[in-house]
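[1] My questions concern the predicted model and sequence given below.
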Number of protein chains: 2
Amino acid sequence: MTNRKLTRAKYFFEDSEIEHLTEVPADGNQRMEETDASKVIGKPVSRVDGYNKVSGSALFTFDVNLPRMAHARTLRSPYPHAKIRRIDTSKAEALPGVLAVITHENTSEIPWYFDSFLFDPHLRYAGDEIACVAAETEAIAERALKLIEVDYEVLPFVVDTMKAAEETSPVFHEEGRLVFGEEITYERGDVEAGFAESDVIVEDNYTTQAAVHNPTEPHCSVVKWDGDKLTVWDSTQGIYGVRDEVAERLGLPESHVQVISHYMGGGFGTKLETGKYTVMAALLARKIGRPVRIALTRKEMNLAVGNRPDSLQQLKVGAKKDGTLTAMTTTTYGAAGAYRHRAICYWPIMTMYQCANVQLAAYSTYTNLGKARAFRAPGHPQGTFALDSILDDVAEKIGMNPLEFRLKNYAEIDQVSQRPYTSKKLREAYELGAAKIGWTHRRKTPGSDSGPIKRGLGMASQIWWGSGGPPAAVTVKLNNDGSVRVLAGTQDLGTGTYTILAQTVAEVLEIPVERIQVTIGDTAVGPYCPMSGGSMTAPSVTPAAQDAALQLKDALLSGAATMLEVSEENLIYKDGVIHTASGEKEPLGIADVVQRLRERTLVRTGLRAANPEGFMIQSFGVQFAEVEVDTWTGKVRVIRIVAAHDIGRTLNRKLLENQFHGGIIMGMSYALFEERIVDESTGKVLNTNLHDYKIPTIADTPEIDVITVPHSDTKANSMGAKGCGEPPIIPTAAAIANAVYNAIGVRINSLPITPDKVLNALNA
Amino acid sequence: MTNRKLTRAKYFFEDSEIEHLTEVPADGNQRMEETDASKVIGKPVSRVDGYNKVSGSALFTFDVNLPRMAHARTLRSPYPHAKIRRIDTSKAEALPGVLAVITHENTSEIPWYFDSFLFDPHLRYAGDEIACVAAETEAIAERALKLIEVDYEVLPFVVDTMKAAEETSPVFHEEGRLVFGEEITYERGDVEAGFAESDVIVEDNYTTQAAVHNPTEPHCSVVKWDGDKLTVWDSTQGIYGVRDEVAERLGLPESHVQVISHYMGGGFGTKLETGKYTVMAALLARKIGRPVRIALTRKEMNLAVGNRPDSLQQLKVGAKKDGTLTAMTTTTYGAAGAYRHRAICYWPIMTMYQCANVQLAAYSTYTNLGKARAFRAPGHPQGTFALDSILDDVAEKIGMNPLEFRLKNYAEIDQVSQRPYTSKKLREAYELGAAKIGWTHRRKTPGSDSGPIKRGLGMASQIWWGSGGPPAAVTVKLNNDGSVRVLAGTQDLGTGTYTILAQTVAEVLEIPVERIQVTIGDTAVGPYCPMSGGSMTAPSVTPAAQDAALQLKDALLSGAATMLEVSEENLIYKDGVIHTASGEKEPLGIADVVQRLRERTLVRTGLRAANPEGFMIQSFGVQFAEVEVDTWTGKVRVIRIVAAHDIGRTLNRKLLENQFHGGIIMGMSYALFEERIVDESTGKVLNTNLHDYKIPTIADTPEIDVITVPHSDTKANSMGAKGCGEPPIIPTAAAIANAVYNAIGVRINSLPITPDKVLNALNA
């Protein structure tokens, strides 16, 4: 076991390791228009792809139906840990309608994860891939799976996160029981000294459950070969990522793989990685000479494509009577599942509040369960739950209002790097949110409500990688009637990428959104854009679109100057029309200019400017929750959530509210309902369906108020916007937990806060 | 009637009227690599889309099959001239499976041609559109057509080209009996004086027939609405043209219309215009809320989508005994058909040979037949047939070898504009072709063969707008594994656009063609490129692709210079690898460079440089034909064609031969077989099918030798290539006619040279 010390924290979405050799607009970050003057940006523009979705004409991968398309299904390990001694697919192959069966025996060893293969006879969880069948129908493929005979050598397994770290548990990776064989540690200041100078110290343990992403559209791919060229329709969060990985796995040039995802039914992180199923479908399609469709079942989505890892967090916090945090330590454990993944949740404690002395140790253990994956703000909801819970307890102990306590420890600069933020308007968010929820009416004595149903108010803060982002390129084409086509290699998971790209170009060129069409979700068409994860899409692609549109505007002005025989400085661009300042010449519409330019259409590709050096880009927020706890049934009902966030400039008020409502409901669901349940005796997941795995319905949904601090973070990027995909989910569970405490006066340290836990706690 | 005098000839494919306001690479024409050093360009690279076509995976518009797609058929006028008094579609609408019927009564007046509408109750030819039916199947739609009741006011008609000019013939356009109501005239020098100084004068009349394009894939469109956005799959020669016209007709922004034509089964000019059927399908689709497919039958293709107009040409040529041409005059007549089209064929006589005194008058008459359209080298095969026929007669009269006579009158500069050519290597072509065919063995006395089967040799020259072309833009994307995607809004009619674009980029970047994928045929994807007509595709899109690739190379070199810390001058780019001249640093592959650049993928859009000022860009050629005439049956068999052309640089030897073989066979077919036959008493076309309209089979095909003069016209454009789509068809008929004369000693002045004409001529 090595000890990996984070002397300098890794900023996941920073691009500092990339050389900036190519030209990027030097004034990129200064080109932002004034928010006040915005005509389209920030407005509640309806989704430009709304008609297609409502009418059903939007083609999701799940709907792709090609001529002669075959259907594939996957045989998965029934055991949490086993090796394949012998496999016989002959009966399956003999079933009428079966076209091909692939296993580790008849495919080459395609590397997968770090020390495994696409088909690995060493099966490490109940759900690991064994074989894949292509047949005329899904039903035949499913029947064929049952005809595959496998002789297993069943091996000892472990599914408990903590037990997996013990010397007695089975080891099934060379690097041992811990991911990368290592403990992760971080330390700043002197925690011993910090605790020594504290007036109060609180210690507590917190646990959070493993949760499953459950996007609406199942994971699916449809693949088609044309000779050595492969087209992949894929329900993915990153068309370019899938293209590059499929090309690598299959030994193809990237140009020979085209990945299409025009419409997508949600991802939340589970569709960031390339699916084994995609590559299996490609192998089958090549074998049978027909297109192949593969779609995962809800059960497979539960087992095989990731989860938010569970956590055990042991926290200790010291503070002075005046509220100053003096020291914080945490030791965290989380299960990676069967393959490499860092199950970490320490970022909030490292950065959320000002504290000179912080120490942590983190362990990710291997268990015989499906691998964890990034899930909406990886690590942050669990870390925030623990941190903001214990802070409330500290505040109570020193008799301080939780909000006041947080303001007392407000971090003005990044606590790890000591760098300034491009912007931080959390103080304003606290103020706006507290006013909205009526924070001053919060009961000072927890559980002081009379009667069986008790109300409580709670709050929690949020920090997230804001809008730093990798490079993105967007092409904008101006037609000769002045209408526009936008092309980008990005994708729309349902978050509104189509719409914000159209708005961005409409804003710069001062033309109606209705004259702009956006084509995304196709690697053969759009220039490179990053995957849609880490709340990166809006802050990476809109600055690139803006840059392209500004280049077009420059070309139009330059062309018009020649046509009107005036200097560019004497031209005024307004509402898509170019006027001479003096009014002496007839104005030119942009269509007039384009028609007289030699290109006939003007095409410009814009690039996102590099992140500013020396700054941290983070988004911030606070959520206030009001809950009602029925002390007879133990049931918690969330009445209201007020979310007040600093996400920079609002690009589209409607889409922003969509994101916040979705994130907050998902956060509430995490707080109260969702939990993957594993049977320790068999190593199997027991609730691999949406009947037993509980998600909320509309009846469970609280009133939600979304407040954004009105400002534009023009230091962060030229659009001034920080991402808002993940921030909404981060503080919700912690705020609810604190509200529950405020309602009943008993702390629930374990998510989800189910009625049995509430009743047990009340009884204790 | 106005008299339109061509004081300055209109150069159809010149872009001199377009302002050159935007940046084009100033050294565009100097960037061409040496032909000798070419690694990919010029080589017989197989079609990169070959697999898709052979395997059947290439999706032609005809094959597009969308869910819920309805089928449309068109009711056409049975009369050559009539007005609709009353139309009743109720019975058709009542037929089960019929979804909608549109006519002039229930659609708005959408302008079409210059003074007509999409549905015009004034029917001007037997085939004019009356109604369009959408139904569940084509068969139901066809049945429904018979249930539409139309009460016609039948009007007098004219189908004869010459009669149509007479005062007694019906007038059905405001502008009268002539297109634009005008005679076209041109004059240079003094023809009176020219004839006066001549030693011999020959006068003769020539007629050519109307011919039909007959591409393999029928004209067809599949249209789909998504709200107010329209996707059109269309078998077209110009995706952008269709996009712009459909948008205009339907009142949509251009961005809202996406036209797709990934694979196309030939056009020859008939698919340059936007089809009425496309717009009718769009109207039906909007009405029924379903996609609509419309495909023309062979009969409709014969009637309604154009033809090569017939011609009557009255020529008079004077020459001195030494061979010097002293004067040429021509009066030409041709039928536009029912709507505006200039049926002109005078360009060869104006420009092919040096002659100081030339005069012409041209008339295009309106007839009640389908409108003519551009057809592979519009006007040139008919003009060349007359010109090169009469020149042979003049040469014989002065006792001069036809080749010597042509060399005597070799035009060193453009005869109309007096501008120099960018290149003219016709002299070399004459020499190479004559050697290959064995011209010296030509019988000096025509018809001197003994026996009933007589052999003869003939020749004819060719001039064609070479490679001047409108602007074109091509985007090239370099992936981070060094593979490439090329994007362009051009199309591949079967001519090889996919392949030459890949070759061009491969040549510049020095990488294998196999690492390049080309995406064309989609207006939503590729930047603007011109329609594929006028032999413009190769000379317009390849220079743009070259420019983009050169920009990429510059970016790679600049990036590598920074990475290797050397100046760009000290770098050597070879085979996709960048070396330091000194060899001191480790070389960088292009993938290495791209991966370290911030964009991750490098995207550059290239533009074709403007045509050189002050020059004429023309292609030239000569064809030699050897024929066998059976004087008992009158049957002409073409034994061999030697084609020797100056088309600048050869881009791909295989594709070039494809083009030449196709063009020459089509030219031979025009010379001997094809003819649209019209019944004068009913005004109907009698042979609207491929049984009665004769086209050649493989058994009729001669041996063909294709020779290109090895050179590169770097003055014309940066690729050095002139177009070669149309040149091959131009001189074939004339060369065959001259060979027939050489075989039998009797001149056939009328195309096609059918056995009856040969026998009649021999008997006369």
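    Here it is on my side, so go on. Numbers count the residues shown, from 1 in each chain, chains lettered A, B, ... in the order given.
[2] Any stretches of the stretch 1-150 of chain A with poor pLDDT?
    Low-confidence segments of the stretch 1-150 of chain A (pLDDT under 70): A:1-36.
[3] show me where it has helices.
    Secondary structure of the stretch 1-150 of chain A by DSSP state H, counting those that start in this stretch: the helices cover A:50-55, A:90-94, A:138-146.
[4] so can I have CSV of the ones you listed showing mean neighbour count and distance to chain B?
    C-beta: built from backbone N, CA, C; applies to glycine. Listed next are those as CSV, based on neighbours: other C-beta atoms under 10 Å in any protein chain shown; distance: least, C-beta to the nearest C-beta, whole Å:
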stretch, mean neighbour count, distance to chain B
helix A:50-55, 14, 4
helix A:90-94, 14, 25
helix A:138-146, 18, 19
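[5] And the longest helix along chain A, what does it pack against?
    Scanning chain A for the helix with the most residues, using DSSP state H, yields helix A:537-564. If you count contacts as 3 or more C-beta pairs under 8 Å, 6 or more residues apart in numbering or on different chains; DSSP states H and E, helix A:537-564 packs onto strand A:473-478, strand A:484-488, helix A:497-509, strand A:571-574, strand A:577-580, strand A:588-589, helix A:590-596, strand A:602-607.
[6] Specify the angle between that helix and helix A:497-509 in degrees.
    30 degrees (axes from the mean of the first three to the mean of the last three C-alpha atoms, to 10 degrees).
[7] what helix or strand is residue A:704 on?
    strand A:703-708 (DSSP states H and E).
[8] Switch the helices of the stretch 1-150 of chain A over to TSV; also include distance to residue A:212.
    TSV is the format used below for the helices of the stretch 1-150 of chain A (distance: least, C-beta to C-beta, whole Å):
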stretch	distance to residue A:212
helix A:50-55	25
helix A:90-94	29
helix A:138-146	22
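[9] Could you tell me which ranges of chain A sit under the pLDDT cut-off?
    A:1-36, A:466-469.
[10] What are the structural domain limits within it?
    In terms of domains, chain A is parsed into A:28-58+A:469-607, A:64-157+A:232-251+A:267-292, A:171-212+A:306-415, A:419-464+A:615-764 (source: automatic domain parsing).
[11] closest to residue B:316 out of those?
    domain A:28-58+A:469-607 (43.0 Å; C-beta to C-beta).
[12] Do a quick rundown of the helices in the stretch 401-550 of chain A.
    Using DSSP H, counting those that start in this stretch, the helices of the stretch 401-550 of chain A run over A:402-408, A:426-437, A:497-509, A:537-564.
[13] anything in the third one near chain B?
    No - counting by C-beta under 8 Å from any C-beta of the partner chain, no contacts exist between helix A:497-509 and chain B, the nearest distance being 10.0 Å.
[14] who wins for proximity to residue B:232 among the domains of chain A?
    domain A:28-58+A:469-607 (13.9 Å).
[15] Kindly present the helices of the stretch 401-550 of chain A as a markdown table, with separate columns for mean neighbour count.
    Conversion of these to a markdown table gives the following (neighbours: other C-beta atoms under 10 Å in any protein chain shown):
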| stretch | mean neighbour count |
| --- | --- |
| helix A:402-408 | 19 |
| helix A:426-437 | 20 |
| helix A:497-509 | 26 |
| helix A:537-564 | 24 |
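[16] check contacts around residue A:436.
    Contacts for residue A:436 (C-beta atoms under 8 Å, 6 or more residues apart in numbering or on different chains) come out as A:624, A:642, A:644, A:705, A:707.
[17] my read: the second one touches residue A:707, true?
    Yes - using C-beta atoms under 8 Å, residue A:642 is in contact with residue A:707, at 6.9 Å.
[18] More neighbours: which of those two?
    Looking at residue A:642 and residue A:707 with other C-beta atoms under 10 Å in any protein chain shown, you find the greater number of neighbours at residue A:642, namely 27 against 18.
[19] Quick one: name the residues of the stretch 501-650 of chain A near chain B.
    Residues of the stretch 501-650 of chain A lying near chain B (C-beta under 8 Å from any C-beta): A:514-517, A:519, A:524-525, A:527-528, A:555, A:558-559, A:562-563, A:596-605, A:607, A:610.
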